[in-house]
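Asker: when you get a sec, could you give me coordinates for this:
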Amino acid sequence: MAVGGPIAVSKKQPDRRDPDREYSVLLLKLNELIAQDMGDAAEADAIRDKMDSYWARMSPQQQQRVRWLTVDLETLSPEYPPATVRLAEASWLNEVNGEWDKLWAGDTEKALSLLRDPRASSPVSGGLIALKGRAWEAAGFPEVALRFLLAAESINPKTYSGLVIDLTRRLGEWKIATRKANDLLREHAIEPSSVYFACLALVESVRNEPIEVAEPVLARVRLRLEELLDRIPGTIFWTKEIHAGAVVILCSALKQLGRFSQAVEVYTQFLKLNPKEGDFYSMRASTKVSGSLGGEIEDYIQAVNNGTMWGWSYAAVAVSQIEQKRPAQALAICNIAMNKGLSPAESVAYLYQLRAVAQAYLNQSRERVVSDYREAHLLMPEDGTIQNALSRVEAATAETMKDVVHGDEPRLRGAVRAADYSRLADRFVDRVASSEGRSLAEVGRAL
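Answerer: The predicted model follows:
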């Protein structure tokens, strides 16, 4: 099970061009050579030279972070410590539990600094080792994080294999992720989060495969997720995030198999338990559209009424109102949407255009119509279709504006109906990794 609170990603995400990130990757390679008694080899010396060049480019803050990282990696020792060390670690975990969540949510540097406490300097429990890994991942060092998670997994595979699978998946290490996922799903006494991460890795691994390759994998995933959904409300480690994420993965697998009606039914069962989850109405509506099942507009309306922040749902309702020749209602929906800070940005661009259409049909000023098309263009300046539509609107007179926007309706309608809802589903997938887990106090008591 995941450890700690939500992962707070540092405001500046390091990439492989940052000297501290490059240094960390080389340090891992050097440690591997040293473990193979090749620390004096020419390859090791070449790595040290590169590390020196990256060190010279680091800021003082980056150098301090790398010092901490180096020390933390040295603590991954196979030696089993005395009971006094384990008790000190448990005491520290309980002591910082209340403070940790605040630091984790807002300041990665303070979280890493907190881990400098002598009682946490040589982690011995899987919980604290995994915690250090999650902290380094939040700081932008996923390769380093993986070393800690692998060490935690070696202590307690059933608890930490899921985290290893998830991180290897996100690092693109598909062979490792799928092998571990298949091995894990052969077990039965595993925690819901591990089942979740294993199924997610397998679904993503066959996303672009032919149906004859994907089908047996997805069928197995479906079976395990259905078992999980049947039992998680009664398990100690059940969380709302796991429940929602498992539904999203299961429906993704069903849609890949072309079983849209079954995916709709899974969403329906979830919504019976969680009727205020507006985003799930959005995803159910999108599934109905993909399967040509009909009835999607009612779901889009439910999504809007239940506070979804997914802009395409508002756009779908606005399109429906325009098709029914109800521009005033379409305008009202667009105005509500504009005040909500919706995402993704392209959906807001189309809401501006739909509002312009509604305003034209209501004989509002030409300037308002043109202004909304310009706002759409500012949001998506690279979209040639919006640029062309803006040019036509700017060339229209007050008398010809209705005809111009009427001609633009098919484009708008098609874009709204073809909108990609995968990013909405991804939000629930990511939420499990960031929020699922035991509190540090529970970890401490378990030591």
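Asker: so what pLDDT did Arg16 get?
Answerer: According to the per-residue confidence, Arg16 scores 52 in pLDDT.
Asker: what's the answer for Val71, then?
Answerer: In this model, Val71 is scored at 83, pLDDT.
Asker: go on, Leu115?
Answerer: For Leu115, the pLDDT comes out at 76.
Asker: contact partners for it?
Answerer: Trp68, Asp72, Leu131, Lys132, Ala135 (CB atoms under 8 Å, 6 or more residues apart in numbering). Yep, even glycine has a C-beta here, placed from its N, CA and C like the rest.
Asker: ok, and the most crowded of the residues you listed?
Answerer: Each of the contacts of Leu115 was scored by neighbour count (other CB atoms under 10 Å); the top score is that of Lys132, with 30 neighbours.
Asker: give me the outermost residue of this protein relative to its centroid.
Answerer: Relative to the centre of the chain, and counting by CA atoms, centre = their mean, the farthest-placed residue is Glu399 at 47.9 Å.
Asker: quick one on the thing from earlier: out of the contacts of Leu115, what pair is the most spread apart?
Answerer: Spatially, the most separated pair among the contacts of Leu115 is Trp68 and Leu131, at 14.2 Å (CB to CB).
Asker: can you give the domain ranges for the chain?
Answerer: Listed domain ranges for the chain are 1-149, 156-293+430-447, 311-420 (source: automatic domain parsing).
Asker: out of those, nearest to Val304?
Answerer: Taking CB to CB as the criterion, Val304 comes closest to domain 311-420 out of the domains of the chain, the separation being 5.6 Å.
Asker: for the record, mean pLDDT for the closest one?
Answerer: Along domain 311-420, the predicted local confidence has a mean pLDDT of 94.
Asker: got the domains of the chain as TSV, with distance to Ala303 columns?
Answerer: Shown next, in TSV, are the domains of the chain (distance: least, CB to CB, whole Å):
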stretch	distance to Ala303
domain 1-149	25
domain 156-293+430-447	4
domain 311-420	4
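Asker: Asn305: which of those is closest?
Answerer: By CB to CB (comparing all of the domains of the chain), the closest turns out to be domain 156-293+430-447, at 7.5 Å.
Asker: can you name the residues that contact Ser365?
Answerer: If you count contacts by CB under 8 Å, 6+ apart, Ser365 has them with Gln359, Ala398.
Asker: now Gly294, nearest residue through space, not along the chain?
Answerer: Excluding its sequence neighbours, the residue lying closest to Gly294 (CB to CB, 6 or more residues apart in numbering) is Lys288, at 6.6 Å.
Asker: can I get the contacts of Leu115 in CSV with secondary structure and distance to Met38?
Answerer: Putting the contacts of Leu115 into CSV (DSSP: H, G, I helix; E, B strand; the rest coil; distance: CB to CB, whole Å) gives the following:
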residue, secondary structure, distance to Met38
Trp68, helix, 26
Asp72, helix, 23
Leu131, helix, 31
Lys132, helix, 27
Ala135, helix, 30
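Asker: closest to Arg186 out of the residues you listed?
Answerer: Closest approach to Arg186 among the contacts of Leu115 (CB to CB): Leu131, at 27.8 Å.
Asker: next, work out how far apart that closest one and Thr159 are.
Answerer: Between Leu131 and Thr159 the distance is 12 Å, computed by CB to CB, to the nearest Å.
Asker: so which strand or helix has Leu112?
Answerer: Leu112 belongs to helix 108-114 when assigned by DSSP states H and E.
Asker: quick one: list the elements packing against that helix.
Answerer: In this structure, helix 108-114 makes packing contacts with helix 60-74, helix 83-106, helix 126-138, judged by 3 or more CB pairs under 8 Å, 6 or more residues apart in numbering; DSSP states H and E.
Asker: pick out the shakiest of those, pLDDT-wise.
Answerer: helix 83-106 (a mean of 61).
Asker: contacts for stretch 408-417 next, please.
Answerer: Contacts with stretch 408-417, where a contact means CB under 8 Å, 6+ apart, come from 289, 312, 315-316, 319, 322-323, 350, 353-354, 357, 385, 389, 392-393.
Asker: give me that answer again for 6 Å
Answerer: Judged by CB atoms under 6 Å, 6 or more residues apart in numbering, the contacts made with stretch 408-417 from elsewhere in the structure are Ala315, Ala316, Val319, Tyr350, Gln353, Ala389.
Asker: could you measure the third one against Ser154, distance?
Answerer: Counting by CB to CB, the gap from Val319 to Ser154 is 54 Å.
Asker: more neighbours, those two?
Answerer: More neighbours surround Val319 than the other of Val319 and Ser154, with 24 against 14 (other CB under 10 Å).
Asker: what helix or strand is that one on?
Answerer: Using DSSP H and E, the secondary-structure element containing Val319 is helix 311-323.
Asker: check contacts around Glu143.
Answerer: Contact criterion CB under 6 Å, 6+ apart gives Val25, Leu28 as the residues in contact with Glu143.
Asker: hang on, it in a helix?
Answerer: Yes. Assessed by DSSP: H, G, I helix; E, B strand; the rest coil, Glu143 belongs to a helix.
Asker: state the distance from it to Thr308.
Answerer: Per CB to CB, Glu143 is found 36 Å from Thr308.
Asker: ok, Val221 next?
Answerer: 27 Å.
Asker: again with Asp420
Answerer: 16 Å.
Asker: which of these two has more neighbours?
Answerer: Thr308 (23 against 11).
Asker: got the phi and psi for the more buried one?
Answerer: The phi/psi pair for Thr308 (degrees, to the nearest 10) reads phi -60, psi 150.
Asker: tell me the contacts of it?
Answerer: Gly278, Asp279, Ser282.
Asker: touching, the last one and Gln302? I think so.
Answerer: No. Between Ser282 and Gln302 there is no contact, the gap being 8.9 Å when judged by CB atoms under 6 Å.
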